[in-house]
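Novice: No letters, just coordinates:
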């Protein structure tokens, strides 16, 4: 009766790990190099994460469909302070994390819109395209161009059967960590603000961009005159993936549709979670967090870059996110590497799961690539991590 559908790539790896080890990756003394979450403890020189919030009986009622005004105001204030975005709470819709916002955004597209998507991208995008049966234009992002599309690659006409184009892009990119320069981001925003074009900028890794956080909102003059959507979440930069709070910033007319969707498909997002995230967005605190996250994860990125290269990995990583994207040495495939790692209660994300052109039963040019996550790793784990990786190489 139900259409069969596989789990998203990261979870596919987690389920394989659980079957091989009878453990959940991330628990206890496992090594969660396949997973995309940050440390959920205080970072060096970073702000403290609140241990509690106060609730009363009113906080236990149904939440508002588009998000509580306290949180939407805090999100608007954040972008206005750091990017001069010129938005109000009416431009903000709240979701249960970033992925539901992305999925709703794509599901509501009209039939004459095709998706422009980089060849190497965030694993759920592949599932979303397949599930929603979207027309797709693939932008080259592969070993030949070092996973760095050029300006011409983004100059896209609609595919056959479509009249308009919507760009779907993670920036910094998950899995590669490649981020657009400020000038290129500005030009891309201008290009996709034109009639017949739109864009979703997935900015989950905004805080992790070196040398400083960046957002497309800085370059949008009037969001109400565009079909541009900015997706953010408390998951990465604010270090609270378990709160399941994300948001989409867009023209007021689009946020109204997301409110209507929430009334049908979500019923709003946990009010206690929203109140907690509102505290994290307090002006001085979030300014402090932006700097601490950027600095700590730059040091981790640099350290693991040296370590992985010393083991023979060929890295193509950019300057954003908390992943290393690289080619395994010795002709190993990612699946073979994981078989060895599972014996050490460790695992990585196979690169082919980030291949937006892959077929379920076919080989991929990314079979020997891996996404190595240093997001959840304490600085003190480095030597042990290198020991395990060396033994498995």
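Specialist: Perfect, I can see it now. Given the structure is predicted, the values throughout are model-derived calculations rather than measurements.

Novice: can you pull the contacts of residue 6?
Specialist: By CB atoms under 8 Å, 6 or more residues apart in numbering, the contact list for residue 6 reads 12, 127, 360. Using the backbone N, CA and C atoms, a C-beta is placed for each residue, glycine as well.

Novice: helix or strand for the second one, which one?
Specialist: Right, residue 127. helix 123-132 (DSSP states H and E).

Novice: next one: the helix or strand following that helix to chain centre, how far?
Specialist: Next helix or strand after helix 123-132 toward the C-terminus (DSSP H and E): strand 136-139. When distances are taken as CA atoms, centre = their mean, to the nearest Å, strand 136-139 is centred 19 Å away from the chain's centroid.

Novice: just stretch 74-94 next, same as before
Specialist: On CA atoms, centre = their mean, the centre of stretch 74-94 falls 19 Å from that of its chain.

Novice: again with stretch 369-381
Specialist: 16 Å.

Novice: show me where this protein has helices.
Specialist: Using DSSP state H, the helices of the chain run over 9-21, 69-83, 98-107, 123-132, 182-191, 252-265, 271-280, 283-310, 334-342, 382-392.

Novice: what would those helices look like in CSV with mean pLDDT, mean neighbour count and distance to residue 317?
Specialist: Formatted as CSV, the helices of the chain follow (pLDDT from 0 to 100; neighbours: other CB atoms under 10 Å; distance: least, CB to CB, whole Å):
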stretch, mean pLDDT, mean neighbour count, distance to residue 317
helix 9-21, 94, 18, 18
helix 69-83, 98, 19, 25
helix 98-107, 96, 21, 22
helix 123-132, 95, 18, 17
helix 182-191, 97, 15, 18
helix 252-265, 94, 16, 34
helix 271-280, 97, 20, 28
helix 283-310, 98, 17, 7
helix 334-342, 98, 19, 16
helix 382-392, 98, 15, 16
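
Novice: want to throw those helices into JSON lines with distance to residue 372?
Specialist: Shown next, in JSON lines, are those (distance: least, CB to CB, whole Å):
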{"stretch": "helix 9-21", "distance to residue 372": "12"}
{"stretch": "helix 69-83", "distance to residue 372": "30"}
{"stretch": "helix 98-107", "distance to residue 372": "21"}
{"stretch": "helix 123-132", "distance to residue 372": "15"}
{"stretch": "helix 182-191", "distance to residue 372": "26"}
{"stretch": "helix 252-265", "distance to residue 372": "35"}
{"stretch": "helix 271-280", "distance to residue 372": "27"}
{"stretch": "helix 283-310", "distance to residue 372": "7"}
{"stretch": "helix 334-342", "distance to residue 372": "10"}
{"stretch": "helix 382-392", "distance to residue 372": "9"}
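
Novice: picking that back up, so what secondary structure elements neighbour the helix holding residue 127?
Specialist: On a contact count with 3 or more CB pairs under 8 Å, 6 or more residues apart in numbering; DSSP states H and E, helix 123-132 meets helix 9-21, helix 98-107, strand 113-118.

Novice: Nearest to residue 290, out of these?
Specialist: Closest to residue 290 of those is helix 98-107 (CB to CB; 17.9 Å).

Novice: what inclination does that closest one have with respect to helix 123-132?
Specialist: Per axes from the mean of the first three to the mean of the last three CA atoms, to 10 degrees, the angle that helix 98-107 makes with helix 123-132 is 40 degrees.

Novice: check contacts around the nearest residue to residue 112 once chain neighbours are set aside.
Specialist: Nearest non-adjacent residue to residue 112, counting by CB to CB, 6 or more residues apart in numbering: residue 163, 4.2 Å away. Residue 163 makes contact with 112, 113, 196 under the criterion CB under 8 Å, 6+ apart.

Novice: Quick check: the closest residue to residue 322 other than its chain neighbours vs residue 304, distance?
Specialist: Residue nearest to residue 322 in three dimensions, not counting chain neighbours: residue 375, with 3.8 Å by CB to CB, 6+ apart. Noted for residue 375: a distance of 11 Å to residue 304, by CB to CB, to the nearest Å.

Novice: same question, residue 163
Specialist: Taking CB to CB, one finds residue 163 at 45 Å from residue 304.

Novice: I'd like the distance between the residue nearest to residue 324 when sequence neighbours are not counted and residue 4.
Specialist: Excluding the flanking residues, the one nearest residue 324 by CB to CB, 6+ apart is residue 372, at 4.5 Å. Distance of residue 372 to residue 4, computed by CB to CB: 31 Å.

Novice: So which of those two has more stuff around it?
Specialist: residue 372 (24 against 4; other CB atoms under 10 Å).

Novice: Surely the more buried one touches residue 308?
Specialist: Yes: under the criterion of CB atoms under 8 Å, residue 372 makes contact with residue 308 at 6.8 Å.

Novice: any residues in contact with both of those two?
Specialist: By CB under 8 Å, 6+ apart, the residues touching both residue 372 and residue 308 are 324, 326.

Novice: Tell me who's in contact with the spatially most central residue of the chain.
Specialist: Nearest to the mean C-alpha position of the chain, counting by CA atoms, centre = their mean, stands residue 204 at 4.2 Å. By CB under 8 Å, 6+ apart, residue 204 lies in contact with 98, 170, 174, 231, 232, 233, 235, 236.

Novice: picking up where we left off before, where does the residue nearest to residue 112 fall, phi/psi-wise?
Specialist: Phi and psi for residue 163, reported as degrees, to the nearest 10, are phi -120, psi -20.

Novice: quick one: it from residue 157, how far?
Specialist: 10 Å.

Novice: again with residue 202
Specialist: Going from residue 202 to residue 157 by CB to CB gives 23 Å.

Novice: Confirm for me that residue 311 is in contact with residue 390.
Specialist: Yes: judged on CB under 8 Å, residue 311 makes contact with residue 390 at a distance of 5.9 Å.

Novice: on that earlier part again, in TSV: the helices and strands packed on helix 123-132, plus distance to residue 340.
Specialist: Converted to TSV, these look like this (distance: least, CB to CB, whole Å):
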stretch	distance to residue 340
helix 9-21	11
helix 98-107	30
strand 113-118	30
